[in-house]
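**Q** Need the 3D shape of this:
(one chain, ligands or ions: 2)
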Amino acid sequence: MVRGRITGLAVSDVRFPTSLGHHGSDAMHPDPDYSAAYVVIETDARDGLKGYGLTFTLGKGTEVVVCAVNALSIHVVNKDLEEIVSDFRGFYRQLTSDGQLRWIGPEKGAVHLATAAVLNAVWDLWAKQEGKPLWKLLVDMDPKQLLSCIDFRYITDALTEEEAHEILQNGLLGKTEREEQVLKHGYPAYTTSCAWLGYPDQQLKQLCTDALKDGWTRFKVKVGADLQDDIRRCRLFREMIGPDKTLMLDANQRWEVKEAIEWVTKLAEFKPLWIEEPTSPDDILGHAAISKALAPLGIGVATGEQCHNRVIFKQLLQAKALSYLQIDSCRLGSVNENLSVLLMAKKFQIPVCPHAGGVGLCELVQHLIIFDYISVSGSLENRMCEYVDHLHEHFKYPVVIQKASYVPPQDAGYSTEMKEDSVRKFQFPQGEIWQKLLSKP
Ligand SMILES: C[C@H](O)[C@@H](O)[C@@H](O)[C@H](O)C(=O)O
Ligand SMILES: [Mg+2]
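**A** Ligands and ions are numbered 1, 2, ... in the order given. Predicted structure coming up:
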């Protein structure tokens with residue numbers, strides 16, 4: 001039972017110095033410090049429950065998102081949770097269509113990342129109050145209630161609310177069996193943790209060997225900085241995993257359109273399943289041209305981790321610009337906007353393979369893709385969720401991977417809560433970790 005009035009919202013700038021080990025490094029982000037604008041909301045319900053939310057950043061700029069969260073808090077504090085969830089669409093619009101704040105968006109950039117962090121905290125609190133993991137809260141909702149959380153503005157030319165309702169109604173068929181299936185077998189995953197661009201070959205080989213021993217069969221390798229280096233690393237990786245395992249490539253927006261086609265054609269011998277983010281995430285027609293050019297090679301295009309909002313995804317789907325759609329739990333407007341993208345992907349029959357390369361992203365997006373399988377797509381074909389094995393020790397309810405699959409979380413909430421000690425130590429710049437690092441000459 002949803003209860004309480006939101007009495008407080010606090011936001012922290014939490015950064016982990018992953019750049020020191022080149023963890024997460026790629027052709028455009030050589031020194032990522034996996035970070036979060038971390039939101040905590042409290043209510044007067046006297047049940048001791050708080051809502052925890054985050055959005056993912058790379059270090060610098062987190063302070064900007066923190067400011068944006070504080071700017072949005074006027075719409076959150078003193079609100080009844082019941083008022084929010086009974087008209088979640090309306091609440092989403094309050095945050096995204098504030099007459100002044102939308103000017104630094106709309107629904108993109110720092111203000112949309114901040115919206116994601118705030119809404120993720122609200123969803124975490126709602127799921128906690130209902131005593132369910134978020135995926136189960138969504139699975140147990142009837143289609144009408146799910147639709148009431150979605151803002152269909154700007155996408156009805158691709159997906160009407162009536163079509164979305166029909167998709168969810170059809171998703172009721174076989175739902176119980178699919179829930180049993182995913183509880184028993186987990187949700188299939190792939191790993192990106194072996195081949196960040198800044199890793200030396202020795203580290204790549206060791207990590208790949210360990211991953212193979214742990215049963216991983218699907219791998220993503222970073223490319224895009226230097227063609228000869230890409231050829232060498234892809235050849236090394238393909239030789240290690242053999243011809244039958246799945247290899248994906250990720251260029252993180254490095255190339256021009258023509259350059260992407262030429263470059264990936266030279267990597268085709270390694271049989272990649274997809275090239276991820278071959279060019280700017282804003283270039284819908286560019287992605288369509290790359291998709292068309294690479295199709296004869298059997299190489300798909302994947303993108304989504306930096307696609308601002310549902311409108312970009314709508315156009316990517318309408319333009320047949322991608323073969324794999326990568327939602328992100330913290331880039332889009334939280335569960336609300338991710339629901340609309342999952343439904344559009346189902347309508348256009350494009351598999352969703354969520355992005356999770358960032359602190360907390362695995363913890364959150366597992367809930368969304370498990371819901372997608374049970375209630376929307378109903379399929380695991382060509383679907384897998386990214387996994388990176390960094391920083392899970394800082395979460396109260398960390399992801400669990402078994403046999404290269406996500407074990408569905410059972411704890412109530414959105415798995416967003418970090419350990420207090422971690423937040424304290426890694427708060428920027430006053431946390432002890434940063435005080436030590438910043439005092440070094
Ligand atoms: C800077 C980050 O680590 C990215 O490289 C990462 O999210 C990557 O794009 C991925 O798909 O995991
Ligand atoms: Mg990526």
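**Q** what's the neighbour count on the closest residue to ligand 2 within the stretch 101-250 of the chain?
**A** Shortest the stretch 101-250 of the chain-to-ligand 2 distance, computed as C-beta to the ion: residue-wise this is residue 250, at 4.3 Å. In this view, the C-beta of every residue, glycine as well, is placed from N, C-alpha and C. For residue 250, the count of nearby residues is 29 (other C-beta atoms under 10 Å).
**Q** Now it. Nearest residue, chain neighbours left out?
**A** Closest residue in space to residue 250, ignoring its immediate chain neighbours: residue 276 at 3.9 Å, by C-beta to C-beta, 6 or more residues apart in numbering.
**Q** quick one, phi/psi of that neighbour?
**A** When read as degrees, to the nearest 10, the backbone of residue 276 gives phi -100, psi 140.
**Q** what's the answer for residue 275, then?
**A** phi -110, psi 120.
**Q** Specify the beta-bridge partners of it.
**A** residue 249, residue 301 (DSSP bridges).
**Q** Tell me which stretches of the stretch 101-250 of the chain form strands.
**A** Using DSSP state E, counting those that start in this stretch, the strands found in the stretch 101-250 of the chain span residues 187-191, 218-222, 246-250.
**Q** Show the pLDDT at the residue of the stretch 101-250 of the chain closest to ligand 2.
**A** Model confidence at residue 250, given as pLDDT, is 98.
**Q** Determine the longest helix present in this protein.
**A** Determined from DSSP state H, the single longest helix within the chain is helix 109-130.
**Q** who does that helix touch, helix- and strand-wise?
**A** strand 6-15, strand 35-43, strand 50-57, helix 62-72, helix 81-86, helix 88-96, helix 134-139, helix 334-347 (3 or more C-beta pairs under 8 Å, 6 or more residues apart in numbering; DSSP states H and E).
**Q** What number of residues are in the vicinity of the residue nearest to residue 130 when sequence neighbours are not counted?
**A** Sequence neighbours aside, residue 137 is the residue nearest to residue 130 in space, at 5.6 Å (criterion: C-beta to C-beta, 6+ apart). Residue 137 has 22 neighbouring residues, counting by other C-beta under 10 Å.
**Q** And the one 10 residues further on, by the same measure?
**A** Residue 147 is surrounded by 19 other residues when neighbours are defined as other C-beta under 10 Å.
**Q** Report the contact partners of it.
**A** 161, 164-165, 168 (C-beta atoms under 8 Å, 6 or more residues apart in numbering).
**Q** go on, residue 411?
**A** Taking C-beta under 8 Å, 6+ apart, one finds 133, 397 in contact with residue 411.
**Q** Could you check how far the residue nearest to residue 366 when sequence neighbours are not counted is from ligand 1?
**A** Spatial nearest neighbour of residue 366, chain neighbours left out: residue 406 (4.6 Å); criterion: C-beta to C-beta, 6+ apart. From residue 406 across to ligand 1, the span is 15 Å (C-beta to the nearest ligand atom, to the nearest Å).
**Q** And the pLDDT for residue 406?
**A** 98.
**Q** What of the one 4 residues further on?
**A** What the model reports for residue 410 is a pLDDT of 98.
**Q** before we move on, the earlier item: near the residue nearest to residue 366, how many other residues are there?
**A** Residues contacting residue 406 under the criterion other C-beta under 10 Å number 24.
**Q** My read is that residue 315 contacts residue 284, right?
**A** Yes. Counting by C-beta atoms under 8 Å, residue 315 does reach residue 284; the two are 4.5 Å apart.
**Q** Between those two, which has more neighbouring residues?
**A** Using other C-beta under 10 Å as the criterion, residue 315 and residue 284 rank with residue 284 on top: 21 against 17.
**Q** which residues does that one contact?
**A** Counted by C-beta under 8 Å, 6+ apart, residue 284 has contacts 312, 315-316, 319, 321.
**Q** Which ones among those map onto helices?
**A** Using DSSP H, the contacts of residue 284 in helices are 312, 315-316.
**Q** Nearest to residue 216 among those residues?
**A** Within those, the smallest distance to residue 216 is 28.3 Å, found for residue 316 (C-beta to C-beta).
**Q** For the stretch 1-150 of the chain, which residues are neighbours of ligand 1?
**A** 24, 26, 29, 32, 58 (C-beta under 6 Å from any ligand atom).
**Q** Could I get the pLDDT score of the last one?
**A** This means residue 58. Note for residue 58: predicted pLDDT of 98.
**Q** about what we covered before: do you know how far the residue nearest to residue 130 is from ligand 1?
**A** From residue 137 to ligand 1 the distance is 26 Å (C-beta to the nearest ligand atom).
**Q** right, and that residue touches residue 129 too?
**A** No. At 9.7 Å, residue 137 does not count as touching residue 129 under the criterion of C-beta under 8 Å.
**Q** Can you tell me which of the ones in helices among the contacts of residue 284 lies closest to residue 335?
**A** Using C-beta to C-beta, the ones in helices among the contacts of residue 284 come closest to residue 335 at residue 312, 18.1 Å.
**Q** Quick check, the closest one in contact with residue 287.
**A** No. At 10.1 Å, residue 312 does not count as touching residue 287 under the criterion of C-beta under 8 Å.
**Q** dump the residue contacts of residue 397.
**A** Neighbours of residue 397 in contact, by C-beta under 8 Å, 6+ apart: 363, 409, 411, 413, 415, 417.
**Q** Just the buried ones from those residues?
**A** Taking 16 or more other C-beta atoms under 10 Å as the criterion, what is buried in those is 363, 409, 413, 415, 417.
**Q** In this structure the last one contacts residue 54, no?
**A** No. Counting by C-beta under 8 Å, residue 417 stays clear of residue 54, with 9.5 Å between them.
**Q** so residue 354 makes contact with residue 385?
**A** Yes. Between residue 354 and residue 385 there is a contact at 5.0 Å, judged by C-beta under 8 Å.
**Q** intersection of neighbour lists for these two?
**A** Joint contacts of residue 354 and residue 385 (C-beta under 8 Å, 6+ apart) are 365, 369.
**Q** Quick check: nearest residue in space to the residue in the chain that ligand 1 sits nearest to, chain neighbours excluded?
**A** Nearest residue of the chain to ligand 1, counting by C-beta to the nearest ligand atom: residue 357, 1.9 Å away. The shortest distance from residue 357 to any non-neighbouring residue, by C-beta to C-beta, 6+ apart, is to residue 388 (5.1 Å).
**Q** Okay, the nearest residue to residue 107 once chain neighbours are set aside and residue 102: tell me how far apart.
**A** What sits nearest to residue 107 in space, not counting adjacent residues and going by C-beta to C-beta, 6+ apart, is residue 309, at 4.3 Å. Applying C-beta to C-beta, to the nearest Å, the value for residue 309 to residue 102 is 12 Å.
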